[in-house]
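In: quick one: sequence and predicted model below, then my questions.
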Amino acid sequence: MEKEIWKKIFSTIPDDELANLIRIWKISIRGFRHITSKDITRIRALVTRECLKESNLKKIQDFYKIVAAKDEDDVRDKTVHELFKLYQDGKTLHLILGALYSSPEDRHHERAKQFEELVCKKNGLSSLDELRVLTEKTEPPKQEDEHDSAHWQKKWQKSQKKNQELQKSIKKCELLLSHLKKTGRQRNNHGKRKKNNFSKNWETKEHRRIGSMSGKKHLRRKCSG
C-alpha cells in the first residue's frame, strides 16, 4: 500500500522536475550517468521502480520530511481547502503530497487523500496521473480568441511560478541534506573516538592489573625464599 501511494506521488512530478530530484536523491539508474528530462520521458517506469526500492524510498521520504519541517507554509497544519488554495497559488503538488504522506500521523494521510480527490474533481480528472500530462502542456497554443489566449497565458505564468518555487526548494533541501550528512559524519567520528578512548583506557587498566599481579607474585616468591 505504501509503495502505491509513493508511486502515485511520483506520477505527479513533471519530467524536468523528476530529473532534478533524481540527482538530489542520489539515485542511480543503470545505464545512465546523468538523467535528463528527455530520459525521464522514455524511462519513467524504470525510474519509478528504482525510486520505490526500500533504500531509495527511505531517502526520498526523509527528503520530504525535511521539506515539511522547513516549509514556511506549514502544509501539515492546513485544512484540505487551504491546501488547495496553496496549490492554486503555485505550490508544487508533489511537495504538498510528500509532506503529508511522509508524516507518521494517519490524520495527515487522510487529509492527503481528501486533497487528491479535490484536485481531481476541480480539474475534471479521474486520477493524478492525468494531471501531470495536463500540466506539462504549459506552452500556450495559438488561439484566435483573445479570451482563450489570456487563459493559457495565465496557466503559463502559474507554471513558471511553480518551477521557480521548486528551484528554491531544491536549493534549500540540498543545503539541508548536505548539513545532515556532515552532522552524521561528525557523530560517527565522535563515536569512533569514544570507542578508541574506551579501548585505550581498558588496555591501560588491564596492563596495570597484570603488572600488579606480577609484582605480588614476585614479592611472595622473595618472602618464601
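Out: Structure's in. What do you need?

In: point out the other helices and strands that the helix or strand containing residue 119 packs with.
Out: Taking DSSP states H and E as the criterion, residue 119 maps to helix 106-123. Contacts defined by 3 or more CB pairs under 8 Å, 6 or more residues apart in numbering; DSSP states H and E place helix 106-123 against helix 80-88, helix 93-101, helix 128-136. Quick note: C-beta positions are derived from backbone N, CA and C, even for glycine.

In: again, 10 Å this time
Out: Helix 106-123 makes packing contacts with helix 2-11, helix 80-88, helix 93-101, helix 128-136 when contacts are defined by 3 or more CB pairs under 10 Å, 6 or more residues apart in numbering; DSSP states H and E.

In: from the ones you listed, which stretch is densest packed?
Out: Most buried of the helices and strands packed on helix 106-123, by mean neighbour count (mean count of other CB atoms under 10 Å): helix 93-101, with a mean of 24.

In: got the CA coordinates for it in CSV?
Out: Only the C-alpha atoms of helix 93-101 are listed here, as CSV (Å, rounded to 0.1, in the frame of the first residue of the first chain):
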residue,chain,number,x,y,z
LEU,A,93,1.7,19.3,-5.9
HIS,A,94,4.3,16.7,-5.0
LEU,A,95,5.7,18.9,-2.2
ILE,A,96,2.3,19.0,-0.7
LEU,A,97,1.6,15.3,-1.0
GLY,A,98,5.1,14.3,0.0
ALA,A,99,4.9,16.4,3.2
LEU,A,100,1.6,14.8,4.1
TYR,A,101,2.4,11.2,3.3
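
In: average model confidence for that helix?
Out: Taken as a whole, helix 93-101 has an average pLDDT of 96.
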